[in-house]
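In: sequence first, then the predicted structure:
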Amino acid sequence: MVKWKEQMVIDAPIEQVWQLFQDEQIQRIMPKVESHELLEGQHNATGAKHAQVYTEGKQQQRYIVETLSYVDEPDRKYRETTFEMGQMFKVRYAFSLEKQSDHSTRFVYEGQNKGISVTGKMMLLAGSKKAARTTVLNFMNRVKEQAESQN
């Protein structure tokens with residue numbers, strides 16, 4: 001199993017950052033997501049299920065993303081989701097936003113990638129922790145850039 005938890009401060013108001021995590025904006029921070037179609041429940045709500053298509057190089061993955069928790073309070077935002085990828089991995093991740101001031105937001109990104117098949121477990125064992133952390137930090141920096149470019 002691979003776990004991560006990273007945080008940073010973004011120089012943008014919490015509502016501005018939170019907009020990037022709404023279903024309608026998902027491709028701004030996850031450009032490899034080609035489609036994000038609601039199947040069940042309501043957009044931006046606990047219990048929502050979306051069919052998502054993700055392309056990495058020439059390989060395309062399709063999976064169902066379920067929103068496990070969705071909190072939208074003035075000073076705190078939280079979204080937790082899960083999905084299974086290729087019957088090999090179960091991925092859970094969460095985004096937390098905390099208002100630091102009127103113009104800054106603490107962004108916490110945490111999650112885990114768990115092998116659910118022998119092949120998936122072996123792939124995670126063989127994977128590079130440095131590469132996994134780089135992927136997480138690249139995502140967080142993309143969020144920061146998108147949020148701060150709206151100022």
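Out: Yep, it's here. Residues are numbered from 1 along each chain as shown.
In: buried residues, stretch 53-73. List them.
Out: Y54, Y63, V65, E66, T67, Y70 (16 or more other CB atoms under 10 Å). C-betas here are computed from N, CA, C, even on glycine.
In: and which of those is nearest K99?
Out: Closest approach between the buried residues of stretch 53-73 and K99, by CB to CB: Y70, at 17.4 Å.
In: isn't the closest one up against A45?
Out: Yes - Y70 lies in contact with A45 (CB atoms under 8 Å); the separation is 5.5 Å.
In: so where's this structure uncertain?
Out: Residue ranges of the chain with pLDDT under 70: 151.
In: look up phi and psi at the residue of it most remote from its centre.
Out: The centre of the chain is farthest from one residue, V118, which by CA atoms, centre = their mean lies 25.1 Å away. Main-chain dihedrals, V118, degrees, to the nearest 10: phi -60, psi -40.
In: the one helix or strand Y70 maps to pairs with which strands, parallel or anti?
Out: Per DSSP states H and E: Y70 is located in strand 59-72. Here strand 59-72 is paired, per DSSP bridges, with strand 49-56 (antiparallel), strand 76-85 (antiparallel).
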